[in-house]
Each structure stands twice: as C-alpha cells, then as structure tokens.
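Engineer: pasting the structure only:
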C-alpha cells in the first residue's frame, strides 16, 4: 500500500497525462467502434455507457432535475459513479480526463510566460457564477449546460465527425472559449465558469482528497527560484495558502513539482 | 420545391424524433445529447442536430426521405436512451412519431398513374395506408406511426407524402 502511494506521488504528472490521453482516445474510439457495429461502449461525456453501466454528467442530471422538476431513479443511479468519484477524489474528472482542460493546458505550453496572476479567490465567486447559470436554466427553461459543457461538446463534436462525417458549427463556441483562454492565459473557464466542475464541487466533503501543505517540510525553493509549486498550478492557485478549494481540481501538479525538492505538499484524505 | 422547403422548415421547428420520444418540450429537457441512440441505430437513420438548430443542438432527429425508421423489433435506440427521453414502447403499433400526409396534387394515382409504393411498403400493412377504390392511397391517422418509410419509397418526382411530426414547436 505504502509502495503504491509512493509510486503515485512520484509519478503524478506522467499518470495524469496518460489519463488525459486515455480519455481523449476513448471518445475517439467510441464512434469508430459503434460505426463498425460494436456497441459495448456508447455515448459522449454528456452520458457514457460501458456495457450495461450508464454514467451521466451530474451537471446534465442536475439540469434535467431543474427543468423537469422531477427526479428519475434511473438518472440518480447513473450519477452514482461520478458522484462517488467526486466525493472521494474531488473534481479529478476535470484535471485527469476532461478533453477541454487537456487542450487548454497544452495550449498554454505555447505561451512564453506562465500564468503570472496567482490568486486564491473567495469561494463565493465560484458559487455565484454557478448560481447564475442555474438561474438561467430555470428562468429560460433552456438546457444551457448542454451548450456550455465543454467535455460534452468536444466529445460530441468528435463523435459526430467520426460517426456521421458532420462537423457541427458549435465547434465555434469551443474555439472561441479556447482563444479567450489562450489570450488571457488565466484558465477562466475551468477555474470560474464551467458548470460541470461546479456540480462536481458540490460533492466535496471534509474527507475528500485534498492537497495538504506542511510548512515545516518546505524546502523554500522560492528562495532559489520561483515558487515551483505555485508556478506549476495550471489554474493560478497558490497551494501553500488556504482557500484553494473549491477552485482546485486536484491535478496535483504542485505536489509533483514539490517532490523534486522536498515533501511539503502531499495528497491526503485527512483534514 | 415548396414541399421540400416546408420539410426543411418543419425540421427546424418540429423535427421528426426517434420512436418513443416524449413530448417535444419534455424531450428537449430530458435528452442528454449523448448520441447513444444514433450509435446503436442499425440503419444509421438517426441524425444529430447541430448548432444551427438552436436549442435543438445535439438532439436526434430523422430525415425520412434519406433514411426512415424501420421500427426494429427491439428498438435499440430506446434501449440505449439513458434518460427516458425515448420512452419504451412494446410493439411497433404503439409508436407515434408523427402522421403521414399525402399531397394529392403530387401523388401519382391521384394524377392517373398507377402506384402502390407507400401502400405496399407500409409496416402497419393494410391498416395505416389503405387504397380507396383499390387505387388511391389514404392514410389513417390512428394507425399511422410516422416511421416515414412511405416518404422514403415515394417515386413521385416531388415527394407526394411527408410525415408531420406529432409535436408542435415549443421555443
């Protein structure tokens, strides 16, 4: 058990990249398989099926509940897997699987300077933006999340392009958001706006996996260079200060960087 | 021409949904845009609406002239639907996707040319489409399920039959 923990701690970046690539490969493979008549895997990141197991994006499920003002047992059952994942590991879907975040992260590699704007904003900004989106859904009666769920949109665009050879114009929406992210380099979307991440954040409890900081073990690499852990954060958060949640999506890049110099940052289930 | 244009317009406002679809308003609320129904359709009948369809983006629809619904025995699309946007039906007779409407000015028998294409191919055989005087096709609203096979097989130069979906535009 301890050896596994150590292995994970020492290879966080590699493991995450593999997971992100795997998630992208999955949504490319699914339409190909279905095109050749194999229906074991089905769907997109709005809702995906692995054999008999149906999984739904909890944000889409929440939207359905708000719009229909009723709760379907089947929909609740489909939420079990993602909700359990969020309860235990936090919103790792965003950082370890979401194709939008993956593309946005890769794009920032083309930026000469990393995000300089480091800030742990107050949590209420996050919840206010989410509340506005939910209010929009209820007032207009329109399934807003179907449009602005970036993992859903990207996987659906890929599925339609491969399965029926049609590229929907909604790709413009994805591109516009990616361009904005690239220009401002602040991860606005993933950090503040995305309702998929916000819904997953609802399920953060005390025991949920978190980044913990032990100042006694800090090698103070900031004296020599920049704060390695801080500049590693794709969301421009400071893991050494409190209040990284609900923004932090547990990508664990800060821990990965910290391991190079010390052991001040670690992932833990304990308070 | 006109019918073609109307077909396009009706698709914008009032698309023909896969079998078992609940009322249009509820359908837009329940459909998760997951694509599973299209992926399992053995005839590749089900298409996906895109951004130009506004609020219907990502929802499934059928263009009967290109490929109608053949009303599979086990309805794999309904089986695949995770959110009951396509609700279960037991037999093909229970399906109610829409109603076929014949344009008599275009329909061949009404213009003196012998044709029984829609009558012969209708899956609700001898019930949904019957021949008046053994010549003229007539659609029976109660029996017609709206699968669109008649639209697909109509040999008239301009399609003389179209499926009007059972829903009315909501947004």
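Structural biologist: Sure thing, it's come through. Only a predicted model underlies this, so the values are computations on that prediction, with no experimental measurement involved. Numbers count the residues shown, from 1 in each chain, chains lettered A, B, ... in the order given.
Engineer: ok, and what's touching the longest helix along chain A?
Structural biologist: Using DSSP state H to define each element, chain A has its longest helix at helix A:12-35. Helix A:12-35 is contacted from outside by A:8, A:39-45, A:48, A:95-99, A:101-102, A:154-155, A:158-160, A:162-163, A:251-253, A:255-256, A:259, B:35, B:39-40, using C-beta atoms under 8 Å, 6 or more residues apart in numbering or on different chains. Where C-beta positions appear, they are placed from N, C-alpha and C, glycine not excepted.
Engineer: now stretch B:142-154
Structural biologist: By C-beta under 8 Å, 6+ apart, stretch B:142-154 touches B:16, B:19, B:62, B:64-71, B:92-93, B:95-100, B:117-118, B:121-124, B:127-129, B:159-163, B:165-166.
Engineer: Quick one, grab the pLDDT at residue B:167.
Structural biologist: Looking at residue B:167, its pLDDT stands at 57.
Engineer: go on, residue B:58?
Structural biologist: 92.
Engineer: who are the neighbours in contact with it?
Structural biologist: Counting by C-beta under 8 Å, 6+ apart, residue B:58 touches A:46, A:146, A:156, A:170, B:31, B:33, B:35, B:48, B:49, B:50.
Engineer: ok now do residue A:85, which residues does it touch?
Structural biologist: Residue A:85 touches A:92, A:93, counting by C-beta under 8 Å, 6+ apart.
Engineer: quick one, what contacts the nearest residue to residue B:45 once chain neighbours are set aside?
Structural biologist: Using C-beta to C-beta, 6 or more residues apart in numbering or on different chains and skipping residues adjacent in sequence, the residue nearest residue B:45 is residue B:67, 4.5 Å away. By C-beta under 8 Å, 6+ apart, residue B:67 lies in contact with B:43, B:44, B:45, B:152.
Engineer: which element is the residue of the stretch 101-250 of chain A found nearest chain B on?
Structural biologist: Closest residue of the stretch 101-250 of chain A to chain B, C-beta to the nearest C-beta: residue A:168 (3.4 Å). Assigned by DSSP states H and E, residue A:168 falls within no helix or strand.
Engineer: Next secondary structure element downstream of the lowest-mean-pLDDT helix or strand in chain B?
Structural biologist: One helix or strand of chain B scores below all others by mean pLDDT, DSSP states H and E: helix B:2-13, with a mean of 56. Using DSSP H and E, the helix or strand that follows helix B:2-13 in sequence is helix B:24-30.
Engineer: Now do the same for that next one: mean pLDDT, whole number.
Structural biologist: Helix B:24-30 comes out at a mean pLDDT of 89.
Engineer: show me the contacts for the residue nearest to the spatial centre of chain A.
Structural biologist: The C-alpha lying nearest the average C-alpha coordinate of chain A belongs to residue A:94 (C-alpha atoms, centre = their mean; 0.9 Å). Counting by C-beta under 8 Å, 6+ apart, residue A:94 touches A:101, A:190, A:194, A:196, A:197, A:200, A:249.
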